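> kindly generate the corresponding structure for this input.
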Amino acid sequence: MIAAGKAAVPMLRACLDGVGTAHPPQQAMVAAPGGLTTVPADVERFVAGHPTPTIGSTAAGRRALAIARQAAPDDELIVLLSGGASALLACPVHGVTLDDKCATTARLLREGADIHALNTVRKHLSQIKGGRLAAVCPGRVLCLAISDVVDDDPSVIGSGPTVGDATTYADALAVLDRFGGQESYPAGIRAWLAAGVRGEHPETPKPGALEPPRVVTRLVGTRTDALLAARREAELRGYRVVVVEAPVTGEARVAAATYAAQLTALARETGPRLCVLSGGETTVRVAGTGMGGRNQEFALALVEPLARMAGPVLVASVGTDGIDGPTDAAGALVDTTTASRAVSAGLESPQGYLDNNDAYRFFDAMGDLIRTGPTATNVGDIQVGLIATGREE
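Numbering: from 1, shown residues only. Okay, here's the model as predicted:
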């Protein structure tokens, strides 16, 4: 049994409870950012790094490969996968250093690469990702995954260690071209990918290569589950609920403008107070020197649009993992009074903070950061909008 990701610990414990003492795993390991004190003593524990892989991540990656390879043809390997596993299980290909991988990931994130682009590169620098973990296992493989990606594509969750990969080395080089240009990345990374394009390295297993019954991957949790739970809670509190089906994606500040327009239209309605629920995952292209995360930037971009609305509106944008960017916040609150309160507090214009990618310091000064701490799960981001509509019934 291999558990990796932000939800690795509760998934592992639930699975062990499910199989019971009659069928304990022959070998079991867990790789998570922390919180391993509740893991049974006979499970190998790896405190690994996220979002940047660490030495603990490479130790976990090597051990995961060893467990997969040691399985007999009549054994079953259970992989418990959740968001963050791409960084928590790291085993770079020979000739690529961990530092080069980290530098590449950091550069792609700064350039605003989405998870699909990021994982296209990761899969071609790894011995685990892109179906390679399942490929080295002689036995059956069952992967149970919690999705942190907007389209619930299992080949993207944790970079798809048990799922065939449709991308190629050429696609990975094209990602570097699109996000900063190849010369912006370490020479070792460029050389490895270019050699792969020339056919000097084997490609990742392609779709169809890893199929049932030998390899099965199932989703056991998604953002839809979180939104349904939020809907039930809002209805219990007396709200009329609208769930926005389309995921919130793209550049955070651009997505915020579209979201504000949706709220403006809904605010014209009459009836009971309204709760608007949405989810997804945006990106941020970092051009300033500030601090924040995609949820905080999304909220900051809403300050001025909300100030122009006639009635009270409040929005929370949060990461369900409790972590938004390299900060201690899960996200932030913004409402129709935020702009005027910022003026009273003597802060410079919200646009100035936005231009500097400095949402954290803005909302910290306002007392409007949301701090939950790590939640031990991850199904992407959620936005909750509360609207006092034009006429209450």
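> in stretch 359-373, which residues are buried?
By neighbour count with 16 or more other CB atoms under 10 Å, stretch 359-373 contains the buried residues 359-364, 366, 368-370, 372. In short, each C-beta sits where N, CA and C put it, glycine included.
> quote the end-to-end distance of it.
Stretch 359-373 has its terminal residues 18 Å apart, counting by CA to CA, to the nearest Å.
> contacts made by that stretch with the rest, please.
For stretch 359-373, contacts defined as CB atoms under 8 Å, 6 or more residues apart in numbering pick out 290-293, 296-297, 299-300, 316, 318, 322, 325, 327-334, 338, 341-342, 345, 347, 350, 353.
> could you turn the buried ones of these into a PyMOL selection?
Selecting the buried subset of those in PyMOL, with 16+ other CB under 10 Å as the burial test, is done by:
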select buried, resi 290+291+292+293+296+297+299+300+316+318+322+325+327+329+330+331+332+333+334+338+342+347+350+353
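> that older thread, just the buried residues of stretch 359-373 now: which is nearest Val163?
Val163 lies nearest to Thr372 out of the buried residues of stretch 359-373, by CB to CB, at 30.4 Å.
> doesn't that closest one lie inside a strand?
No: under DSSP: H, G, I helix; E, B strand; the rest coil, Thr372 falls outside any strand and is assigned coil.
> please report phi then psi for Gln383.
The phi/psi pair for Gln383 (degrees, to the nearest 10) reads phi -110, psi 130.
> tell me the bridge partners for it.
Gln383 forms beta bridges with Ser278, Ser317, as assigned by DSSP bridges.
> surely it and Gly279 touch.
Yes: using CB atoms under 8 Å, Gln383 is in contact with Gly279, at 7.0 Å.
> mutual contacts of those two, please.
Taking CB under 8 Å, 6+ apart as the contact rule, Gln383 and Gly279 both touch Val248.
> so Val79 is in which element?
Assigning secondary structure by DSSP states H and E places Val79 in strand 76-81.
> ok, residues contacting that strand?
For strand 76-81, with CB under 8 Å, 6+ apart as the criterion, the contacting residues are 1-5, 8, 11-12, 15, 25, 67-68, 71, 133-134, 137, 139-146, 157-158, 161-162.
> any idea which helix or strand comes after it?
Heading C-terminal from strand 76-81 (DSSP H and E), you reach helix 85-88.
> continuing past that next one, what's the next helix or strand?
Next along from helix 85-88, by DSSP H and E: helix 98-110.
> tell me what that next one is packed against?
Packed against helix 98-110 by the contact rule (3 or more CB pairs under 8 Å, 6 or more residues apart in numbering; DSSP states H and E) you find helix 55-70, helix 115-123, helix 187-197.
> quick one: which of the ones you listed is nearest Thr283?
Nearest to Thr283 among the helices and strands packed on helix 98-110 is helix 115-123 (8.7 Å), distances taken as CB to CB.
> next, the buried residues of the closest one.
For helix 115-123, burial by neighbour count (16+ other CB under 10 Å) applies to 115, 117-123.
> go on, stretch 169-182?
Under the neighbour-count criterion of 16+ other CB under 10 Å, stretch 169-182 has 169, 171-176, 179-180 buried.
> just stretch 39-46 next, same as before
Neighbour count says stretch 39-46 has 39, 43-46 buried, by 16+ other CB under 10 Å.
> let me have these in JSON lines, extended by pLDDT, secondary structure and distance to Lys129.
Below are these laid out as JSON lines (pLDDT from 0 to 100; DSSP: H, G, I helix; E, B strand; the rest coil; distance: CB to CB, whole Å):
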{"residue": "Val39", "pLDDT": "94", "secondary structure": "coil", "distance to Lys129": "24"}
{"residue": "Val43", "pLDDT": "96", "secondary structure": "coil", "distance to Lys129": "23"}
{"residue": "Glu44", "pLDDT": "97", "secondary structure": "strand", "distance to Lys129": "21"}
{"residue": "Arg45", "pLDDT": "97", "secondary structure": "strand", "distance to Lys129": "22"}
{"residue": "Phe46", "pLDDT": "97", "secondary structure": "strand", "distance to Lys129": "17"}
